[in-house]
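Participant: Sharing a model prediction with you, sequence too.
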2 protein chains.
Amino acid sequence: MDTASFVTSLLTSFVIFVVLVLVFTWLSSRPGNAPVYYPSVLLRGLDPWEGRGRGTRSPVGWLRQAISASEGDVVAAGGVDAAVYLVFLSSVLSILVFSGIVLLPVLLPVAATDDNLNLERAIGLKNGKTPQNFTELEKLALGNVQEHSRRLWAFLLSVYWVSFVTYFVLWKSYKHVSNMRAAARSTPDVKPEEFAVLVRDVPKPPPDQTIKDSVDSYFRALHPDTFYRSMVVTDHTKADKIYQEIEGHKQKIARAEVVYAESKTTGKPEGTKPTHRIGFLGLIGKKVDTIEYCNDQIKELLPKLEAEQKTTLREKQQQAAIVFFNRRSAAASASQTLHAQMFDKWTVEQAPEPRQIIWSNLSKKIYERQIRQVVVYTIVFLTVVFYMIPITAISALTTLEKLREKLPFLKVVVDQPKIKTVLQAYLPQLALIVFLSLLPSLLMFLSKLEGIPSQGHTVRAAAGKYFYFIVFNVFLGVTISSTLFSALTTIINNPPGIVNMLASSLPGSATFFLTFVALKFFVGYGLELSRLVPLIIFHLKRKYLCKTEDEVRAAWAPGDLGYNTRVPNDMLIVTIVLCYSVIAPLIIPFGVAYFALGWIIAKNQVLRVYVPSYESNGRMWPHMHTRIIAALLIYQITMVGVILLKKFLYSPVLVPLIPISFIFAYICHMRFYPAFAKTPLEVVQHNVKDTPNMDAVYTSYIPACLKPEKLEDVDIFEDAQSHTTSRAPSI
Amino acid sequence: MDTASFVTSLLTSFVIFVVLVLVFTWLSSRPGNAPVYYPSVLLRGLDPWEGRGRGTRSPVGWLRQAISASEGDVVAAGGVDAAVYLVFLSSVLSILVFSGIVLLPVLLPVAATDDNLNLERAIGLKNGKTPQNFTELEKLALGNVQEHSRRLWAFLLSVYWVSFVTYFVLWKSYKHVSNMRAAARSTPDVKPEEFAVLVRDVPKPPPDQTIKDSVDSYFRALHPDTFYRSMVVTDHTKADKIYQEIEGHKQKIARAEVVYAESKTTGKPEGTKPTHRIGFLGLIGKKVDTIEYCNDQIKELLPKLEAEQKTTLREKQQQAAIVFFNRRSAAASASQTLHAQMFDKWTVEQAPEPRQIIWSNLSKKIYERQIRQVVVYTIVFLTVVFYMIPITAISALTTLEKLREKLPFLKVVVDQPKIKTVLQAYLPQLALIVFLSLLPSLLMFLSKLEGIPSQGHTVRAAAGKYFYFIVFNVFLGVTISSTLFSALTTIINNPPGIVNMLASSLPGSATFFLTFVALKFFVGYGLELSRLVPLIIFHLKRKYLCKTEDEVRAAWAPGDLGYNTRVPNDMLIVTIVLCYSVIAPLIIPFGVAYFALGWIIAKNQVLRVYVPSYESNGRMWPHMHTRIIAALLIYQITMVGVILLKKFLYSPVLVPLIPISFIFAYICHMRFYPAFAKTPLEVVQHNVKDTPNMDAVYTSYIPACLKPEKLEDVDIFEDAQSHTTSRAPSI
């Protein structure tokens, strides 16, 4: 890619970004769009424009608000997880800013004043080779420094500077997040999950006991003073199906009533009763009066549901339970204590939040979980390796010349010089981005199959897998232009060989990644901020589909941040920018722009748009931390290779950085991680002010489809699991 | 080594063994030797000959008793640790017996009926090489099977058989030991360590608090219902020195009084008062009356000790403490629960038994411990690698011909054919055995430096290090006759290369190791059983040195089994026998003899001789289990190489065994290990029958030199740590 197309690409991206920001500024100030631009604010029952002074509607009002919002505001609006994500963005930003402050003024002049590229070209010409063109950009990079040159010391020391800046910032951030987590967990609010423990691998009870009875007697014996109650996990898929059917009918009735009421006003005072067909997709079958039909259906289903609830509670008990304690510290302590002599029985862990429990996974046994994990990771490994084939095919196709040959009808478009430049700048990157959007749902699905009990953990597991994929395929795949297979054989036969491979091919892809980062942040963030897609969907739905209030609300329901794709994508940029920070320091400003814009826009979206679907109190941080260090390690290892390739004697000076990174990771893990994996007693010692309403805590864990009509019936619910069946041991 | 010298070596060993057993039978039946042969029985206050019927003094009486003693007897006499050691010996024995039952009848005929050695010799002769002699023994081994031969299938399947036998036996044994541990821990006896938790990394308290106060308030807040008391660890080296001095004087007085009383009877009714010189070693200086002088010294030292006790308690508090709970389950739960948000503060773990605490290590901080561990393991690594130099030198020297050249005066001895054969059989092995006896104390010292809080853990750590040493240096060192350096460079440059190296050199050393094992069990166990050295020392001491009862008791104090050398030595035999089990199946009977004799003799010694110095409830088992699997892995890997060298196409059939071993190790670790690392609540739920005497529990942890005169003064002791100083916050 030459300098012209690079600049074109940049400019186009920038123009798109500016347009999108203007569109956002204009659209978001129109009250009708509030549910799209302020859903989180609306859901918290606030007025989006309330309490804000002059200038709220000014073009930069949102910017000022996003910057001025404190961490407390963020936690209040989006929970600790969102705040931790912002800490992640700002940490990377600080790493890049600190690095850039030193690297840009030092390395750019050092590189620009050398002459390696011209020399190589001259040598090439002398030997009769076709001269390789180089761009002005490349003159500012490591490639322009001659071999053996003492200028390489500057690059070598820069690697040290970047590494130590990273250690420093990460240490600070880990400490900060750790305190944030502790603060969030020691609030006096009653959170049900803090009083509960998840028990899995409950052994089969003797024939005269239900599982519920054996759980009760076991935990009552071990925790005589603090045990409150237990709830055995049941297989309620059938009950849930009936429940969903009833809910569906209820929605239909509500919708039909609105339609009926609307039809009344228009001339006909009696109105038209809405009807529908009961056959396939409402297209065939008997025509029925919707309201009447649905009411009948509900009447029919309700006793069914009740009967199913009873059999579920009695006979579909699974070998897992949630056990409640009457004190937070008791639950915290119980969740960390080994209960049974054999570890494959009575395994305990912290209970997940009720809203993020994956019920179907709770009853999976310990060995099944292990096997599932192995199988899933094998599948992921195969996916990571074999996705390479289509990627290679695409990058072969997307060379514009080849495209032109293969699809001659495109000639008219392609041959116009301006369009050509744009296409040349974008096509490979677009192919990559489109391609990547296919994967996350598969990975979420696979992670769920592992038997993980909570949504939050699944998201972390999926994010981890996506990170592997993205680093191996996008970063390594694009860099090492040969197929990954040959790379893999290199790795297996001669592990250090991969360093050379990376080192020799990394500098060549610098411009590609510069454009890639720019495209990501200008277009990606522009779309994110302007929310054009949700806006259009919302307006279409409201106009043509939604009848009831509930339906409208569902149309603008904002969802959460989607960490499972967001974090790995950011991590890819971290990896790219770190790896090129010394090879082509020009990438640092792009990285800074990416994370600065990312931070502002994410903050805005957290404050106004997204609603967290679970709260893990920053459990994601250790995951991010480890992966930043992994990126740093990739960087350090490749730099040893890159500087070695310049035939610089002192490049082994970089080697100590690698053990230092491992030691740093180990110390962080040792010092901070336990408080993320477990609940420190110190944190839960602040007792809840009022006596907690333990009934409410218990009820919050009852799945919707099993919930009794009145809250007072909790005892009946519990009895249904235990005494009813234990009364009949004669079977 | 030819067959003649091999048989000679075996016969000599056997004769020595028989003589030693006869000596033991004769000596042990003489009442005067009871303190040497029955110290454990005497210490438990039993009569060695009581309650035993006819035949007790018969030559095989001890044998019958050892075999008939139940596991309960063993636990009663030597604790769970001794019983677990016997389980280890019997497990290995079963592995070898089960393997031998199949391997010997199958492999010996298969090997003996082939003709590879003769063929190779013929080819060698044809090519003009000097013919290599081979022994009858070698005809019974893998070496006699021809390349490509289908007979190799028998050897290949044998590896599978041995592996699965090992898995089966190990699984059974782990289960058995796990239950034994659980049973031992759920007895209703009050064991102080079950009510206590060791707290390390106590943060610096605010200036107006002592460490004791801050520990108290911290644990009282977190465990309001179950906290009983705390004892802050103090630096009592100085107090201990004074205390030891007083004890020394007391001993001298006791001894002098006996001497004085003896002198009275002999004619002179007033007797001679014993005197000694107070200068260097009692050789120079003023002559003083011992009894008077020592009494004066004690009078002088007692107030000093008291003052030092006070300052120790008040001012030498360390940042570690032992915290007591009033219930076993509370202590178990607290020891497993994370207390502080930052893991480098308030780290808790199970308290060690009072008698095995290493006080000086308790106050070492978490980072210091980590660094010490790294340094110690570096030293151990260097030791393991560089001890090779002297070993190589020795094996070069011990070739008899070279010895004769270098030390010509030995000619007279060496040239006699019988002596020559014996020497040739023993010299290299003796050199090795003598050499190895130097190491254990160094390793114990190094392990203590790591900052481990308990004696039992130190022994395990030292045993682990010794295992590395012994396997790398003795097993690999002898096998790969080249220096270990070249082996190391092979490992680094080309890890799979080591397999080839081992595979090609292993068969050559078979006879050496056969003799080695035989020597170990005949001579080693003979000496162990007959206790000749302790017997001689005891009689000499009693005759010439001991005056008081206490001194006599000290002269026969039996000590414990010394797991730190015993276990790695057995593990070396396990490794050797496993690795040769298929290459030279004749080694299996030797292994069976080693572990059968070992089991009998160890059982006898546990029942009658050794007194455990600590009780870890079988904590050593996971350590042994892992190392048996490690030996199995070495075996499997070398077998892949060995059979590959026979140019056998199907040798990769063995490769799946390696992952299977890892999976087996992982599953065992997951299922059984937690109950060894932590205390399961299930096990301690059986509450102690009577209310435990918590004062006694507390007192048992007070170091001897700080113990108050009367037990009732416990409160004063505690107050000395706390209020005295907290009363003076104005400093």
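Facilitator: Sure thing, it's come through.
Participant: what ranges do the strands span in chain A?
Facilitator: Using DSSP state E, the strands of chain A run over A:196-200, A:227-234, A:275-277, A:287-289, A:317-325, A:347-350.
Participant: gap between the residue in chain A sticking out farthest from the centre and chain B?
Facilitator: Going by CA atoms, centre = their mean, the residue of chain A most distant from its centre is residue A:126, 53.8 Å out. Distance from residue A:126 to chain B, counting by CB to the nearest CB, to the nearest Å: 40 Å. Yep, even glycine has a C-beta here, placed from its N, CA and C like the rest.
Participant: again, but for residue A:683
Facilitator: Distance of residue A:683 to chain B, given as CB to the nearest CB: 6 Å.
Participant: Check whether that residue really touches residue B:341, as I assumed.
Facilitator: Yes: Residue A:683 is in contact with residue B:341 according to CB atoms under 8 Å; the separation is 5.9 Å.
Participant: Mutual contacts of these two, please.
Facilitator: Residues touching both residue A:683 and residue B:341 (CB atoms under 8 Å, 6 or more residues apart in numbering or on different chains): A:182, A:675.
Participant: What residues does the residue sitting nearest the centre point of chain A make contact with?
Facilitator: Most central in chain A under CA atoms, centre = their mean is residue A:563, positioned 1.5 Å from the mean C-alpha point. Residue A:563 makes contact with A:81, A:85, A:459-460, A:463, A:620 under the criterion CB under 8 Å, 6+ apart.
Participant: Mind putting those residues into CSV with neighbour count?
Facilitator: Listed next are the contacts of residue A:563 as CSV, based on neighbours: other CB atoms under 10 Å in any protein chain shown:
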residue, neighbour count
A:81, 26
A:85, 27
A:459, 28
A:460, 22
A:463, 26
A:620, 22
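Participant: Please tabulate those residues in JSON lines, including the columns pLDDT.
Facilitator: What follows is the contacts of residue A:563, written out as JSON lines (pLDDT from 0 to 100):
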{"residue": "A:81", "pLDDT": "90"}
{"residue": "A:85", "pLDDT": "93"}
{"residue": "A:459", "pLDDT": "91"}
{"residue": "A:460", "pLDDT": "91"}
{"residue": "A:463", "pLDDT": "90"}
{"residue": "A:620", "pLDDT": "90"}
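Participant: near chain B, which residues of chain A?
Facilitator: A:178-179, A:182, A:221-222, A:225, A:329, A:332-334, A:336-344, A:346, A:366-367, A:370, A:667, A:670-675, A:678-683, A:685 (CB under 8 Å from any CB of the partner chain).
Participant: Which of those residues are buried? Put it as a PyMOL command.
Facilitator: A single PyMOL command selects the buried members of the residues of chain A next to chain B (16 or more other CB atoms under 10 Å in any protein chain shown):
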select buried, chain A and resi 178+182+222+329+332+333+334+336+337+338+339+340+341+342+343+344+346+366+370+671+672+673+674+675+678+679+680+681+682+683+685
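Participant: Any buried residues in stretch A:521-529, and which?
Facilitator: A:521-526, A:528-529.
Participant: Could you measure from the residue farthest from the centre of chain A over to residue B:621?
Facilitator: Residue A:126 sits at a distance of 74 Å from residue B:621 (criterion: CB to CB, to the nearest Å).
Participant: For chain A, name the helix or strand with the lowest mean pLDDT.
Facilitator: Least confident helix or strand of chain A, by mean pLDDT, DSSP states H and E, is helix A:723-726 with a mean of 45.
Participant: Go ahead and confirm residue A:162 touches residue A:99.
Facilitator: Yes: with contact defined as CB under 8 Å, residue A:162 reaches residue A:99; the gap is 4.7 Å.
Participant: List the buried residues for stretch A:164-172?
Facilitator: Applying 16+ other CB under 10 Å to stretch A:164-172 flags A:165-167, A:169-171 as buried.
Participant: Identify, from those, the entry nearest to chain B.
Facilitator: residue A:171 (12.4 Å; CB to the nearest CB).
Participant: before we move on, back to that, return every residue with contacts to both of residue A:162 and residue A:99.
Facilitator: Joint contacts of residue A:162 and residue A:99 (CB under 8 Å, 6+ apart) are residue A:581.
Participant: mind listing what the closest residue to residue A:235 other than its chain neighbours touches?
Facilitator: The shortest distance from residue A:235 to any non-neighbouring residue, by CB to CB, 6 or more residues apart in numbering or on different chains, is to residue A:316 (4.3 Å). For residue A:316, the contact set (CB under 8 Å, 6+ apart) comprises A:234-236.
Participant: make it 10 Å
Facilitator: Residue A:316 is in contact with A:232-239, A:308, counting by CB atoms under 10 Å, 6 or more residues apart in numbering or on different chains.
Participant: now these: which count as buried?
Facilitator: Buried, going by 16+ other CB under 10 Å: A:232-234, A:236, A:238-239, A:308, out of the contacts of residue A:316.
Participant: Identify, from these, the entry nearest to chain B.
Facilitator: residue A:232 (19.4 Å).
Participant: Kindly provide the distance from the closest one to residue A:636.
Facilitator: 51 Å.
Participant: and if you look at residue A:377?
Facilitator: From residue A:377 to residue A:636 the distance is 26 Å (CB to CB).
Participant: per-residue confidence for the residue lying closest to residue A:202 once chain neighbours are set aside?
Facilitator: Closest residue to residue A:202 apart from its sequence neighbours, by CB to CB, 6+ apart: residue A:319 at 4.4 Å. Turning to residue A:319, the model gives it a pLDDT of 87.
Participant: Please name the residues that touch the residue nearest to residue A:165 when sequence neighbours are not counted.
Facilitator: Among residues not flanking residue A:165 along the chain, residue A:98 sits closest, at 4.4 Å (CB to CB, 6+ apart). Shown in contact with residue A:98 (CB under 10 Å, 6+ apart): A:161-162, A:164-166, A:168-169.
Participant: among those, which two are most distant?
Facilitator: Spanning the widest gap among the contacts of residue A:98 are A:161 and A:169, at 12.4 Å by CB to CB.
Participant: any residues in contact with both of the two?
Facilitator: A:98-99.
Participant: In this structure residue A:336 contacts residue A:350, no?
Facilitator: Yes: with contact defined as CB atoms under 10 Å, residue A:336 reaches residue A:350; the gap is 8.5 Å.
Participant: Mutual contacts of those two, please.
Facilitator: A:197, A:677-679.
Participant: Among those residues, which ones are in helices?
Facilitator: Residues from the shared contacts of residue A:336 and residue A:350 lying in helices, with DSSP state H as the criterion: residue A:677.
Participant: which pair in the shared contacts of residue A:336 and residue A:350 spans the largest distance?
Facilitator: Taking CB to CB, no two of the shared contacts of residue A:336 and residue A:350 sit farther apart than A:197 and A:677, at 14.8 Å.
Participant: neighbour count winner among the two?
Facilitator: More neighbours surround residue A:197 than the other of residue A:197 and residue A:677, with 26 against 12 (other CB atoms under 10 Å in any protein chain shown).
Participant: burial measure for residue A:125, as a count.
Facilitator: Neighbour tally, residue A:125, other CB under 10 Å: 12.
Participant: Just want the phi and psi numbers for residue A:615.
Facilitator: phi -130, psi 120 (degrees, to the nearest 10).
Participant: Spatially, what comes nearest to it if we skip its sequence neighbours?
Facilitator: Using CB to CB, 6+ apart, the nearest residue to residue A:615 is residue A:79, at 4.6 Å.
Participant: Quick one: low-confidence residue ranges for the stretch 401-550 of chain A.
Facilitator: A:401-415, A:420-436, A:477-508 (pLDDT under 70).
Participant: Apply 90 and report the result again.
Facilitator: Within the stretch 401-550 of chain A, the ranges that satisfy pLDDT under 90 run A:401-445, A:451, A:454-456, A:465-550.
Participant: Need the pLDDT of the residue of the stretch 51-200 of chain A found nearest chain B.
Facilitator: Residue nearest to chain B within the stretch 51-200 of chain A (CB to the nearest CB): residue A:182, separated by 4.7 Å. Among the per-residue scores, residue A:182 shows a pLDDT of 88.
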